[in-house]
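# here is my input; please provide its structure:
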Amino acid sequence: MHEPASAQPLGPLEDLTPPIRPPARPGVMVVASLTALTLFIGLGTLRQAPLIEQEIRERATAAFTDAGYDWAQLVVDGRDITLGGVAPSAAARSAAYQVAAELEGVRVAHNRTTLRATLSTTDGAESAAAGNPGAPARPLALVLRSDGAHLTLEGDVPDGDPTARLVEQARMRFAVADVSDDLSRAPSTAPAEWPAAASAALSALLFLEHGEARVDGSRIEIAGLAADASLRARTRQTLLRSTPDGYASAARIEVASTPGTTPTECQAGIDSLLAAAGIEFDGGSAELRPDSVPVLEELRDIVQRCPSLRVEIAGHTDDSGGARENLALSQRRAEAVMEYLVQQGVALRRLTARGYGEDQPLVRGTTPEARARNRRIEIHMDSAG
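Next comes the predicted model:
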C-alpha cells in the first residue's frame, strides 16, 4: 500500500491496530519488534508466554532473520500474527507477509505494513492527480476486514466507478452504519479485472466469523475464522469460482466449532456441508470441477473422523436426456467422488458408489433452478458391516 510522502513509520505498539479476534480467547499478548535482524520480545520479563506463542516467536525470529527483514515489526497474540513496519518496496512487503502467513502454527496473519514513500512515487502520484497521462501508476492494495458485524475497507484504490461500486456492494451486504470507508482514492487506472477481484474478496469474506481479505497486485488472499466446516468450504468455493482470470487466490481459514464423531453428528456434518456447497461436475460429464475441491476436502475429513462408518456415494441427475444415459452418468459421477476419496486416503472397503439417474428428484419441474437442485451428490453413512 502506497502512502503519501508525509507518512511516518509506525510508532510505538499502541499505534498498531490489533487484529480482529473472537472475544475472551485465552492468550497473552507478546510484542515482537524486529530490529537489526533480532526480535526483542516486550513484556517477557513480566509474564511467561504460552508455549504456542513461544514456538511461533522462535519460528518468526529464525524466518525473519534469515530473510533479512530488519524493517518489520510483529505482534504475536496466541496463534495470530500482525505484521507492521515500513517496507522498502512492495515486493518486500508482500514477501514479508508471505513469510508470516506460512509460519507453522500461525492461524491468521494480518498485514499492517506500509510502503516507504520515495520521491519518484510521490511525484508520480502528484502528476497523476494533475492529469498527467505519463505518470507512473499508483500501486493498488485493497484490504477488507470484518468481525462479522462491522466491515472496514482500507487501502489505495482508483478514484472512479469500480471503487464506488465496491463500496455500494459492501453497504448492500452490511448495514450502511456497519461499513467504514477508509479507502485512499487517487486518479489511476485499475487493471480490467480489478473490480471482479475486489468483488470476489468481499463475497468470500462475508461467510467468515471474522477475517481479512486482500487484493494486492494479481493475488487475492483471505484469512480468518469460519463457524464450521461447511462455511469454510463455502468460503473457499466462492473464492475459487469468482477469482477472475489473471489472478491467483489463497485461503487460510480455521474452523471455530469442534466437529462431532458419532454417526448422527457425522451425517449431520455431511448434510450441512453439501447444503452449503455442493459437489459440481462439468456439464454432461463426470469430470469434477476445480471449485469442488474445497467441498471434497471437507468431506474427506468428516469421513476420516468416523472410521467405523460405511459410506454410500449416491449420484443423481436431472431429467434432461434419456433415462438410460442419465443412470450411467450418475454412476460415473458417484465413482468419480469415490476415486477422489480413495486417492485422499479413505479405505476403499468403506465406500460404495451408486447412481440413481433421474429417478429420485428433490423437486418437480423443468426449470433451470429445479434441474440444478436435482443434479447432486448425496452421502449416506451407516454402521453396517
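
# can you give the domain ranges for this protein?
1-117, 138-257, 263-382 (automatic domain parsing).

# reformat those domains as JSON lines; add mean pLDDT and mean neighbour count.
C-beta: built from backbone N, CA, C; applies to glycine. JSON lines is the format used below for the domains of the chain (pLDDT from 0 to 100; neighbours: other C-beta atoms under 10 Å):
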{"stretch": "domain 1-117", "mean pLDDT": "62", "mean neighbour count": "17"}
{"stretch": "domain 138-257", "mean pLDDT": "91", "mean neighbour count": "19"}
{"stretch": "domain 263-382", "mean pLDDT": "95", "mean neighbour count": "17"}
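
# apart from its neighbours in sequence, what residue is nearest Glu287?
Phe281 (6.0 Å; C-beta to C-beta, 6 or more residues apart in numbering).

# what is the one you found paired to in the beta sheet?
Leu288 (DSSP bridges).

# what sits against it?
Residues near Phe281 by C-beta atoms under 8 Å, 6 or more residues apart in numbering: 287-289, 292, 333, 336.

# how about the strands in the stretch 201-350 of the chain?
210-216, 219-226, 248-255, 310-316 (DSSP state E, counting those that start in this stretch).

# so what strands line up beside the second one?
Strand 219-226 sits in its sheet next to strand 210-216 (antiparallel), strand 248-255 (parallel), going by DSSP bridges.

# quick one: which of these is nearest Glu102?
Glu102 sits nearest to strand 248-255 of all the strands paired with strand 219-226, at 8.8 Å, using C-beta to C-beta.

# end-to-end on stretch 206-214?
End-to-end distance of stretch 206-214: 13 Å, with C-alpha to C-alpha, to the nearest Å as the criterion.

# contact partners of it?
The contact list for stretch 206-214, computed with C-beta under 8 Å, 6+ apart, reads 20-22, 108, 110-111, 141-148, 173, 201-202, 204-205, 220-227, 231, 234-235, 238, 253, 256.

# do stretch 237-257 as well
Stretch 237-257 has contacts (C-beta under 8 Å, 6+ apart) with 22, 101, 107-109, 191, 193, 196-197, 199-201, 203-204, 207-209, 211, 218-229, 232, 235-236, 277, 290-295.

# helices - which of these land there?
101, 196-197, 199-201, 203-204, 229, 232, 235-236, 293-295 (DSSP state H).

# Met381: which of the residues you listed is nearest?
Among the ones in helices among the contacts of stretch 237-257, Ala229 lies closest to Met381 (C-beta to C-beta), at 15.1 Å.

# go ahead and confirm that closest one touches Leu299.
No - taking C-beta atoms under 8 Å as the definition, Ala229 is not a contact partner of Leu299, at 9.2 Å.

# between the two, what contacts are shared?
Joint contacts of Ala229 and Leu299 (C-beta under 8 Å, 6+ apart) are Leu273.

# tell me how far the nearest residue to Ser272 once chain neighbours are set aside lies from Glu339.
Of all residues not flanking Ser272 in the chain, Ser230 sits nearest, at 4.5 Å (C-beta to C-beta, 6+ apart). For Ser230, the distance to Glu339 (C-beta to C-beta, to the nearest Å) stands at 23 Å.

# same check, this time on Ala277
Ala277 is 20 Å from Glu339, by C-beta to C-beta.

# likewise for Gly217?
Applying C-beta to C-beta to Gly217 and Glu339 gives a distance of 37 Å.

# repeat that for Glu221.
Distance from Glu221 to Glu339, by C-beta to C-beta: 31 Å.

# thinking again about what came up before, need the strands of the stretch 201-350 of the chain in CSV with distance to Arg364, can you?
Compiled in CSV, the strands of the stretch 201-350 of the chain are given as follows (distance: least, C-beta to C-beta, whole Å):
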stretch, distance to Arg364
strand 210-216, 40
strand 219-226, 34
strand 248-255, 36
strand 310-316, 14
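
# out of the ones you listed, which comes closest to Cys266?
Of all the strands of the stretch 201-350 of the chain, strand 310-316 comes closest under C-beta to C-beta, at 9.5 Å.

# any idea how far the closest one is from the chain center?
Mean C-alpha position of strand 310-316 versus that of the full chain (C-alpha atoms, centre = their mean, to the nearest Å) differs by 29 Å.

# could I get that strand in CSV with only the CA atoms?
C-alpha atoms of strand 310-316 as CSV (Å, rounded to 0.1, in the frame of the first residue of the first chain):
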residue,chain,number,x,y,z
ARG,A,310,-19.6,-47.2,5.8
VAL,A,311,-20.3,-44.6,3.2
GLU,A,312,-22.6,-44.7,0.2
ILE,A,313,-21.9,-42.1,-2.5
ALA,A,314,-25.2,-41.5,-4.4
GLY,A,315,-25.3,-39.8,-7.8
HIS,A,316,-28.4,-38.1,-9.1
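
# so which elements touch the helix or strand containing Gly85?
When elements are assigned from DSSP states H and E, Gly85 belongs to strand 80-87. Secondary-structure packing of strand 80-87 (3 or more C-beta pairs under 8 Å, 6 or more residues apart in numbering; DSSP states H and E): strand 72-77, helix 90-101, strand 108-111, strand 114-115.

# for Thr264, give its distance to Asp271.
Thr264 sits 11 Å away from Asp271, going by C-beta to C-beta.

# next one: Gly155
Distance from Gly155 to Asp271, by C-beta to C-beta: 39 Å.
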